[in-house]
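> take this sequence and fold it.
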Amino acid sequence: MRRGVTWSDGAPFTSNDVVWTYRAMLASDTGFPYRGQYSYIKTVVAEGPYRVAFELSQTNALFVLEALNSAILPAHVLAKIPLKQQRQTNFGERPVGTGPYALERWRHDEQATFARNPRFWGGAAAIPRIAFRIVLDDQARIDAMLNGEADVDDGIGASSYQTIKERNATLRLLHVRDLYATFFYVNLRRPGLGDLVVRRAMMYGWDRAQTVKGLLRGDADLALGITPPALRRWYDPRVRRYPYDPARARKLLDTAGYRLGSDGVRHKGGVRLAYALSFPGNGQASSSLEIATEFQADMQTVGIAITLQQIDYATFLTETNDERYDIAVSGWGGAPDPDELTLLASDQFPPAGNNIMHYRNPRMDRDVHLGLASIDPAKRKAYYDDMQRLVADDVPVLYLEFPYSRAAISPRVQFDFEHALPDQYLFLNVSRWKLVR
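The predicted model follows:
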């Protein structure tokens, strides 16, 4: 470990912090949703204040890239709290870190201000203070960028991006393929949704191409699964396709015995194809609401009833993590690797992992486990190509699009724009950013 590093509150950063963090992540009492992803780590032991030894139960291709880049937590702050209470602490509101900035002030739902951390091991950040404003209204965000009130907007929607591009020639614009996939979780334990015929019918009956072309202004790639094309080395488009074909959807359901009732909803025995579609949001103009509304209309034409359920984000997370949902608008990704273990493996049902669909396929288990256990790129690719075929065949989620990451940056913000990366990676070297007045 690097010597001389301190936490932002002045406490020394030592091997004790590393050991405690990994033990907390791996303890079942903590309820860490990615615990299963690190189950191959057998022991983490301190060998003095600046050296840590990891013992692994097997080879893991992501150990260096992912496990050793996990966020380490301050043991001197959190170790005194029982593991079962870790997810209910106020640490998120009063964080202590080792980075170039420390939280100075947080006005909930308004602004979080970070001040330069004088104890940062990498030297003083060039910009003394950065304020993140919470602006939910798209037009207000556009106005703030155009009139110079804001310097960076890193979460621009397709429509807002086009507006900014047309109205201002001085802002630098980032537009790159993202590492995410937008899809709907499907609770396979719900009657009907566990039937592959129903899920395939939903895919054929959903005009996803029109959603991408219309609502998303064509500024996205139609999804062929959940592995994004941004991962060029791993992406394999040779999978089952689901072109918009409502007649085929209806025929599939007819053949499977789902008859259309007098209310326009299909049923089979005691199973009625009527479900709630949950999505986060507090307003009436969110993109999720628009996508959900189009999905609802498309499903109605094939005899599947969808009720829209817009809820606040905290409730949405709780209900999906607790599997108290039918279908839910969400997404997945962010990592520069094709690993999907925690989402697709059958040993990753909550609370061990994020397989909230309760999807199970032995071949998928083989692919995602052996894909991580091998460090040979050719062998890994074979497993992940098969994983992509299975996702398209089994439809454990209803996938929609591969988005683009869009950002607008004021010319007074100086940084290595040529090598800028999407999402959180945009701020990778924020300590070296400069402001030109």
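
> drop to CA atoms for contacts and neighbour counts, all remaining ones
Will do.

> okay, and for the stretch 251-400 of the chain, where does confidence drop off?
282-286 (pLDDT under 70).

> rerun that using 80 as the cut-off
Residue ranges of the stretch 251-400 of the chain with pLDDT under 80: 281-287.

> now the helices: where do they sit in it?
Along the stretch 251-400 of the chain, the segments classed as helices by DSSP state H, counting those that start in this stretch run 287-300, 313-321, 341-344, 362-373, 377-394.

> can you pull the buried residues of the second one?
Buried residues in helix 313-321, defined by neighbour count with 16 or more other C-alpha atoms under 10 Å: 316, 320-321.

> same question, the last one
Residues of helix 377-394 classed as buried: 380-381, 383-392, 394 (neighbour count, 16+ other C-alpha under 10 Å).

> got the CA coordinates for that helix in PDB?
Provided in PDB are the C-alpha atoms of helix 377-394 (Å, rounded to 0.1, in the frame of the first residue of the first chain):
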ATOM      1  CA  PRO A 377      -9.100 -13.900 -23.600                       C
ATOM      2  CA  ALA A 378     -10.100 -16.400 -26.300                       C
ATOM      3  CA  LYS A 379     -11.700 -18.800 -23.800                       C
ATOM      4  CA  ARG A 380     -13.400 -16.000 -22.100                       C
ATOM      5  CA  LYS A 381     -14.900 -14.700 -25.400                       C
ATOM      6  CA  ALA A 382     -16.300 -18.100 -26.200                       C
ATOM      7  CA  TYR A 383     -18.100 -18.200 -22.800                       C
ATOM      8  CA  TYR A 384     -19.400 -14.600 -23.200                       C
ATOM      9  CA  ASP A 385     -20.500 -15.200 -26.800                       C
ATOM     10  CA  ASP A 386     -22.600 -18.100 -25.500                       C
ATOM     11  CA  MET A 387     -23.900 -15.900 -22.600                       C
ATOM     12  CA  GLN A 388     -25.200 -13.400 -25.200                       C
ATOM     13  CA  ARG A 389     -26.900 -16.100 -27.200                       C
ATOM     14  CA  LEU A 390     -28.600 -17.400 -24.000                       C
ATOM     15  CA  VAL A 391     -29.800 -13.900 -23.000                       C
ATOM     16  CA  ALA A 392     -31.400 -13.500 -26.400                       C
ATOM     17  CA  ASP A 393     -32.900 -17.000 -26.300                       C
ATOM     18  CA  ASP A 394     -34.200 -17.000 -22.700                       C
END
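
> and that helix, what does it pack onto?
helix 362-373 (3 or more C-alpha pairs under 8 Å, 6 or more residues apart in numbering; DSSP states H and E).

> how much space between the residue of the chain most remote from its centre and residue 303?
Ranked by distance from the centre of the chain (C-alpha atoms, centre = their mean), the top residue is residue 262, with 40.1 Å. Look at residue 262 and residue 303: by C-alpha to C-alpha, to the nearest Å, they are 11 Å apart.

> still on that earlier bit, nearest to residue 84, out of the helices of the stretch 251-400 of the chain?
Proximity to residue 84 (C-alpha to C-alpha) singles out helix 313-321 among the helices of the stretch 251-400 of the chain, at 16.3 Å.

> which helix or strand contains residue 209?
Using DSSP states H and E, residue 209 sits within helix 208-213.

> buried stuff in that helix?
Those would be 208-209, 211-212, for helix 208-213 by 16+ other C-alpha under 10 Å.

> that one: how far from the chain's middle?
21 Å (C-alpha atoms, centre = their mean, to the nearest Å).

> and that helix, C-alpha only, in CSV?
Taking Å, rounded to 0.1, in the frame of the first residue of the first chain, the C-alpha atoms of helix 208-213 are listed here in CSV:
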residue,chain,number,x,y,z
ARG,A,208,-38.6,-1.0,-29.6
ALA,A,209,-37.2,0.4,-32.9
GLN,A,210,-39.9,3.1,-32.9
THR,A,211,-39.1,4.0,-29.3
VAL,A,212,-35.4,4.4,-30.2
LYS,A,213,-36.2,6.3,-33.3
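
> which strands or helices does that helix pack on?
Looks like helix 208-213 contacts strand 220-222, strand 397-409 (3+ C-alpha pairs under 8 Å, 6+ apart).

> how many other residues sit next to residue 178?
Residues near residue 178, counting by other C-alpha atoms under 10 Å, number 22.

> also the one 3 residues further on?
Residue crowding around residue 181 was assessed by other C-alpha under 10 Å; the count is 26.

> can you confirm it is in a strand?
Yes: counting by DSSP: H, G, I helix; E, B strand; the rest coil, residue 181 falls inside a strand.

> in terms of pLDDT, where does it sit?
With respect to pLDDT, residue 181 has a value of 95.

> was I right to think it contacts residue 399?
Yes: the criterion here is C-alpha atoms under 8 Å, and residue 181 meets it with residue 399 at 7.4 Å.

> got any residues that touch both of the two?
223, 225-226 (C-alpha atoms under 8 Å, 6 or more residues apart in numbering).

> distance of the residue lying closest to residue 310 once chain neighbours are set aside relative to residue 312?
Leaving aside its sequence neighbours, residue 310 sits nearest to residue 279 (C-alpha to C-alpha, 6 or more residues apart in numbering; 5.1 Å). Remark: distance between residue 279 and residue 312 (C-alpha to C-alpha) = 8 Å.

> who has more neighbours out of the two?
Neighbour count, other C-alpha under 10 Å: between residue 279 and residue 312, residue 279 has more, with 26 against 12.

> the more buried one and residue 289: what is the separation?
Using C-alpha to C-alpha, residue 279 is found at 7 Å from residue 289.

> cool, residue 295 as well?
For residue 295, the distance to residue 289 - C-alpha to C-alpha - is 10 Å.

> helix, strand, or coil at the closest residue to residue 395 other than its chain neighbours?
Ranked by C-alpha to C-alpha, 6+ apart and with sequence neighbours excluded, the top spatial neighbour of residue 395 is residue 199, at 6.5 Å. The local conformation at residue 199, judged by three-state DSSP, is helix.

> what sits up against the helix holding residue 209?
With contacts defined as C-alpha under 8 Å, 6+ apart, helix 208-213 is touched by 218-222, 244, 291, 294, 400-401.

> could you chop the chain up by domain?
Using automatic domain parsing, the domain ranges for the chain come out as 15-88, 101-176+405-435, 180-404.

> starting at the chain centroid, how far to stretch 348-360?
15 Å.
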